[in-house]
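Asker: Got a predicted structure plus its sequence, pasted below:
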Amino acid sequence: MTRTKALLLAAGLGTRLRPLTYHVTKCLVPIAGRPLLDYWVDQLVAANIQDALINTHHLADQVRAYLDQVNGRGLLHLEETYEPTLLGSAGTLAANPHFADDADEILIIYVDNFSTVNVKDLLTFHRSHDDPLTMLLFHAPHPKACGIAELDDQDRIIGFQEKPQQPVSDLANAGGYVVNASTYREIAALQAFDLGFDVLPKYIGRMRGFVWEGYHRDMGTYATYLQAQRDAVDLLQRAGKWTGQRPAVFLDRDGTLIEQVHYLSRPDQVKLLPGAGEALQQLRQADYLCVLVTNQSPIGQGLFTEDDLSEVHLELTKQLAQHGTQLDAFYHCPSATQLRKDRTTVEYYDRKPGPGMLFKAAQDLQIDLTRSWMIGDMVSDILAGYHAHCGGLIFVETGNGLEGQDIPAQVQFHKVTDFPAAVRLIMTNQ
Ligand SMILES: [Mg+2]
């Protein structure tokens, strides 16, 4: 049996995904609530790969904690190679020359791509030809920004150019290779820095291209990263891997359900907006889960505590009970933001406009996001719902308003006066 090991290249700083990657290392940025690396681990396990090595640098402790979890599951043994200074992709091979000693072939993956590539098929293809290297290719929407391959009629790569002015095809390097063990050692011995620039040109005419026709997205920009959240919901649903069944209404708190108060921190400041109790009752009777999602950065700033927030939510629960209703769940994000006035940039995944709280709720409560709604009074609420692929987004005029920040044109949303009007809209759109 062929023994395959995997080398996961994950140590980059993720500068293009800042400010998110100030707090979370690139390979662990969440996609639909799960760390990006988790999807790759699943794919390696599905291809019967049992040993992998991952390089680390920025926020290495986060990766170590993740490795403990993966290794605890016992399906994949994942080891770390720490780089105090970034070595470059080929440099990581040079630093681990013996990794291939007990293997027949090595799969090399750049973990900053989100891809549904079938690793088993990629390995089968590699074993079907005599060349020492296989490059994973995808159809790039912007070939000029990629490394582009030219294939002959036997899928042999006869030309390869980084960021060509005049691309010969749209077949782009997808950041995945399979190499024979002897080739791995050969590349390691080159002591090169970058695989794309320094190594691949040496293999032109001696490597083949495996074209992945399915989904593949390079996390090249912040926008594509956010788009990947919505894509993931579609992909998981199509693959039957999204177990969520029930629709929910995600509700912002201040300015949507209760009166807007600056830094609300005491129970006596909680005042339900007119008609809010009845409207919530109506939603629950129509079988919607009602989930509160609220940013609470003053907790992160030390202005009040988790206990203070619990008191406030206890008071909210009491007031709702007087209307014979309740919320099904509460989620809050205590992270303190540096971006006080910018409500459109995702700084923390869980903090709106990040979709993290919605994905967490979807997982906990088995929610079907595409049949769910998000209601809020700020651009960050609408965007959080958009990133989580909610089916409907409703802006209410009872709170802070857009504060001069427009909702991007591709985001379709409704605008109504208040929460009861939003509920009427939901009822007529069922
Ligand atoms: Mg609000």
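Answerer: Noted; the coordinates are in hand.

Asker: what sits up against stretch 122-136?
Answerer: The contact list for stretch 122-136, computed with Cβ atoms under 8 Å, 6 or more residues apart in numbering, reads 2, 4, 47, 105, 107, 117, 149, 154-157, 173-180, 182-183, 186, 200, 203, 206-210, 212. C-betas here are computed from N, CA, C, even on glycine.

Asker: Among those residues, which lie within helices?
Answerer: With DSSP state H as the criterion, helices contain 182-183, 186 from among the contacts of stretch 122-136.

Asker: Would you reformat the residues you listed as CSV and include distance to the ion, pLDDT and neighbour count?
Answerer: Listed next are the ones in helices among the contacts of stretch 122-136 as CSV, based on distance: Cβ to the ion, whole Å; pLDDT from 0 to 100; neighbours: other Cβ atoms under 10 Å:
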residue, distance to the ion, pLDDT, neighbour count
Ser182, 61, 95, 12
Thr183, 57, 96, 20
Glu186, 59, 94, 18
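
Asker: Heading C-terminal from the helix or strand harbouring Thr124, find the next helix or strand.
Answerer: Using DSSP states H and E, Thr124 sits within helix 119-127. From helix 119-127 onward toward the C-terminus, using DSSP H and E, the following helix or strand is strand 133-139.

Asker: as a whole number, average confidence for that following strand?
Answerer: For strand 133-139, mean pLDDT is 97.

Asker: Which residue ranges make up the domains of this protein?
Answerer: Annotated domains of the chain cover 4-238, 248-428 [automatic domain parsing].

Asker: Residue of the stretch 1-150 of the chain closest to the ion, please.
Answerer: Nearest residue of the stretch 1-150 of the chain to the ion, counting by Cβ to the ion: Pro19, 21.5 Å away.

Asker: List the contacts of that residue.
Answerer: So Pro19 contacts 338-339, 345-347 (Cβ under 8 Å, 6+ apart).

Asker: Could you do Ile187 as well?
Answerer: Counted by Cβ under 8 Å, 6+ apart, Ile187 has contacts 90, 93, 179, 195, 199.

Asker: Kindly provide the distance from the fourth one to the ion.
Answerer: It stands for Leu195. Noted for Leu195: a distance of 47 Å to the ion, by Cβ to the ion, to the nearest Å.

Asker: Need the nearest residue in space to the residue sitting furthest away from the middle of the chain, chain neighbours excluded.
Answerer: Distance from the C-alpha centroid of the chain, by Cα atoms, centre = their mean, peaks at Gln322 (39.8 Å). Nearest residue to Gln322, sequence neighbours excluded (Cβ to Cβ, 6 or more residues apart in numbering): Gly277, at 7.0 Å.

Asker: One more: Glu162?
Answerer: With Cβ to Cβ, 6+ apart as the criterion, Glu162 has its nearest non-adjacent residue at 4.7 Å, and that residue is Gly147.

Asker: pretty sure that neighbour contacts Gly159?
Answerer: No: if you go by Cβ atoms under 8 Å, Gly147 and Gly159 don't touch, sitting 11.0 Å apart.

Asker: neighbour count winner among the two?
Answerer: Gly147 (22 against 15; other Cβ atoms under 10 Å).

Asker: in the sheet, who's paired with the spatially closest residue to Cys146 that is not a sequence neighbour?
Answerer: By the measure of Cβ to Cβ, 6+ apart, the closest residue to Cys146 outside its immediate chain neighbours is Ala172, 3.6 Å from it. With DSSP bridges as the criterion, Ala172 is bridged to Phe138, Ile148.

Asker: Report pLDDT for Ala172.
Answerer: Model confidence at Ala172, given as pLDDT, is 96.

Asker: That one: what's it in contact with?
Answerer: 137-140, 143, 146-149.

Asker: what's the answer for Tyr184, then?
Answerer: Tyr184 sits next to 93, 99-100, 103, 106 when contact means Cβ under 8 Å, 6+ apart.

Asker: returning to that earlier point: from memory the residue farthest from the centre of the chain sits against Leu280, does it?
Answerer: No: Gln322 is beyond contact range of Leu280, at 11.8 Å (criterion: Cβ under 8 Å).

Asker: picking up where we left off before, distance check, the residue nearest to Cys146 against the ion.
Answerer: Using Cβ to the ion, Ala172 is found at 42 Å from the ion.

Asker: what does Met427 give?
Answerer: Look at Met427 and the ion: by Cβ to the ion, they are 22 Å apart.

Asker: for stretch 209-221, the distance to its chain's centre please.
Answerer: Relative to the chain's own centre, stretch 209-221 is displaced by 16 Å; criterion: Cα atoms, centre = their mean, to the nearest Å.
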